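below is the structure, and that's it, no one-letter string:
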């Protein structure tokens, strides 16, 4: 029964999307060739359906019966509007010979069956079933729509595909979402073949389609509730529509192209480049045709408007929830209280050099080595052959599309981030190989054969390095739920039971800090990790304070200035540093006595002003952080409200901040800020013997009531051996995890 | 016209979201220094009564489901590892059970740390009793880990089953003022 629900969930999304796509094309009066209709209807309809679900979620009426009614209405509309007969085949198109059809269908069916079984198995992937993709979907489902989750930066990502997951989830839960993602992979080779048939190169479609379809990282990604393969399909759909418009000049194709380009942004922020490239391609084509600037502008505007219609819902949502239209990115440009720019910068630094892989090592690692979390397969080492495709115009456009969709790759060099560009590369490679004189066809078939053998899931583990990301488990019993889902998850995923502890012991509404819990989709509690938000980052830093003298000890910095009457004073960073600026306390002195803090004072900062009070709260383990790397000119300011005489400023910081430079500046009335002459004295003060209770209090002050920690975590041992010193009580444990209550 | 306004509004929203606000705050309420008191108390709930710093040695019956107490016998014993340089109080939470009082009458309880009597009480009514007895540093220093034992008399005896005396909720040490 569960298996049927899973299949129904995915089938529902497929059927409704396809129907919506056909309705869209009819509304746009877009004439497609029969072989294009299936793929393009599905991806374009998915875009429309995704936006409908966005509306349901945004208005809080995501109920299964509403969804079912919308599905039924879509199908009814499609039935009423269906054409009596299909348009005639284009005489120029070339069909495939039976041999080539066999070359395509045999591996497609073999791999496809394995993929379906893998996708139907209980979802345990890191980001998908375990993490945020379905974690958020599950919460939206419970809540009947969106709710602001500001403690989790992933909730700010555009989630066009997750909206489809949400529809599938309503019927078949987690695996239905994974199967929905797989639909895009199952559909994409047909889109690739269709596009190549239009270009008169159907064999390239077969070869390229299979190269993409069988790539191990593509297969793994598509069988999880990730979004990369779906993004690739949508991007390819946009490319197909561009080809149709370029060839037939149908205005409807331009609108559909814009919709899909915009949906690329909705699928994945980094694929938002599609909007720019789609408009650029339309403009370039228009100028090449010499149709006049006005027409070109109108066509580009049409594409841009349609794209914005798809992308804007996510932009507006992020503005409303996070105050940053592109959250969780560009936090430096759009500062907000919910994520520090330094976390974003650190992520960028880590992902740009994942596993210490250098630029020149990427081709090997991404195809064979596997240090970049998955491989696309050794045959892609033949990628230079793709250059040969440039002999045809179609090939050149494919190569440009490769560039367009890989332009953001170097921000995160993980293998799966190549997936949106991979269909284009696969086709260009196929064109290049097939173009080799005399042996082209044989060479291409050999390449596909080798790719199939090397990528056959049960075989990958025999030749590839350890710790690959590929389909490891092909378990029909699990897929059909002959083995119960809970049993499978317990046996195969250490984090599963750990996460379930939360539902059993943590009251709803209590916030849990968990430095290393990967299970977010099968429990219902509010949980933060180490970097998910400003709050999470603060919790992470605070929690490790007792074991890190750089944080626990205090660097007391006295800035001695000539006695001065001033009404506003700034402390200005004087040098660049690869850390954030942190200030625990700022105190002002006149002579020997401290100037008491007064309600008239106004505290502000050039960065992260929302937490500035933490530098003036007298808290033993609280601090203000700039939330960004120290830059010269970064400041925090006190407006005293009236002139006060000051001759000493005492700044208390974490000891690891001693190398930062800070200078005082005073406001000259009606003029500007002027630096004050000063002499600095500093001393490192050891932390109190035990600050663990203070840390506990600080975590409670952040709203955290529980800690879920993995056994191997360094702090877990400390908690276990001396929980009275922490002021925490262990409430429960399961395989690998301990749950602690902050008393 | 309306569409144009909407577009302008959207553009303005994006621009405004990128603006740095002049945000300022007054000093917050000052946090007072808090003196924390450590608590090394093990609860008898079914989840995790045994800790590395404190555990049951003997005389305690298994937990009932969803109960935060366990029956104890005539001489339950516990072991603790607590810092002898600090001042502690022995803290015990027990309930005198109606069934026990009805059968055997008022019960006498004696509490010991490393064999030295820390306190005693008479349980002459049904209900919860929370005792705190100063822990003599000399008693704490006699052995490490420290042994806490209790004696209850009289108790329900139902041979061959172990005797049932009182319901124990928690036992351990809480830090005392120096």
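Noted; the coordinates are in hand. Please read these numbers as outputs of a predicted model, since none were measured by experiment.

does any part of stretch A:638-651 sit near chain B?
Yes. Contact of stretch A:638-651 with chain B is found when judged by CB under 8 Å from any CB of the partner chain, involving residue A:639. Yep, even glycine has a C-beta here, placed from its N, CA and C like the rest.

low-confidence ranges in the chain?
Looking at chain A here, since you left the chain open. A:84-94 (pLDDT under 70).

hmm, I had chain B in mind actually
The model of chain B has pLDDT under 70 over residues B:1-21, B:46-49, B:178.

all the strands of it, in order from the start?
Counting by DSSP state E, one finds strands in chain B at the ranges B:39-43, B:54-60, B:70-80, B:88-96, B:107-113, B:116-123, B:127-134, B:146-153, B:156-158, B:161-164, B:166-175.

go through the ones you listed and name the closest to residue A:649.
strand B:166-175 (37.4 Å; CB to CB).

how distant is the closest one from the center of its chain?
In terms of CA atoms, centre = their mean, to the nearest Å, the centre of strand B:166-175 is set 6 Å apart from its chain centre.

which neighbouring elements make contact with it?
strand B:39-43, strand B:70-80, strand B:88-96, strand B:146-153 (3 or more CB pairs under 8 Å, 6 or more residues apart in numbering or on different chains; DSSP states H and E).

switch the strands of chain B over to a markdown table; also include distance to residue A:348.
What follows is the strands of chain B, written out as a markdown table (distance: least, CB to CB, whole Å):
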| stretch | distance to residue A:348 |
| --- | --- |
| strand B:39-43 | 44 |
| strand B:54-60 | 47 |
| strand B:70-80 | 50 |
| strand B:88-96 | 51 |
| strand B:107-113 | 58 |
| strand B:116-123 | 60 |
| strand B:127-134 | 55 |
| strand B:146-153 | 53 |
| strand B:156-158 | 69 |
| strand B:161-164 | 64 |
| strand B:166-175 | 47 |
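
could you dump those strands to JSON lines with mean neighbour count?
Listed next are these as JSON lines, based on neighbours: other CB atoms under 10 Å in any protein chain shown:
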{"stretch": "strand B:39-43", "mean neighbour count": "21"}
{"stretch": "strand B:54-60", "mean neighbour count": "17"}
{"stretch": "strand B:70-80", "mean neighbour count": "21"}
{"stretch": "strand B:88-96", "mean neighbour count": "22"}
{"stretch": "strand B:107-113", "mean neighbour count": "19"}
{"stretch": "strand B:116-123", "mean neighbour count": "16"}
{"stretch": "strand B:127-134", "mean neighbour count": "14"}
{"stretch": "strand B:146-153", "mean neighbour count": "20"}
{"stretch": "strand B:156-158", "mean neighbour count": "14"}
{"stretch": "strand B:161-164", "mean neighbour count": "17"}
{"stretch": "strand B:166-175", "mean neighbour count": "22"}
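
quick revisit: quick one, which of the helices and strands packed on strand B:166-175 is nearest to chain A?
Among these, the nearest to chain A by CB to the nearest CB is strand B:39-43 (3.9 Å).

so which residue is dead centre in chain B?
Averaging the C-alpha coordinates of chain B gives a centre point, and the residue nearest to it by CA atoms, centre = their mean is residue B:41 (4.1 Å).

coming back round to it: make a markdown table from the helices and strands packed on strand B:166-175 and add distance to residue A:439 to it.
Formatted as a markdown table, these follow (distance: least, CB to CB, whole Å):
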| stretch | distance to residue A:439 |
| --- | --- |
| strand B:39-43 | 77 |
| strand B:70-80 | 80 |
| strand B:88-96 | 85 |
| strand B:146-153 | 84 |
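
so which of those is nearest residue A:28?
Minimum separation from residue A:28 across these (CB to CB) falls at strand B:39-43, 67.3 Å.

can you list contacts of the closest one?
Outside of strand B:39-43, the residues within contact range by CB atoms under 8 Å, 6 or more residues apart in numbering or on different chains are A:724, A:727, A:729, A:743, B:49-51, B:53-56, B:68, B:78, B:80, B:82, B:91, B:169-175.

angle of that strand against strand B:54-60?
Between the axes of strand B:39-43 and strand B:54-60, defined by axes from the mean of the first three to the mean of the last three CA atoms, to 10 degrees, the angle is 40 degrees.
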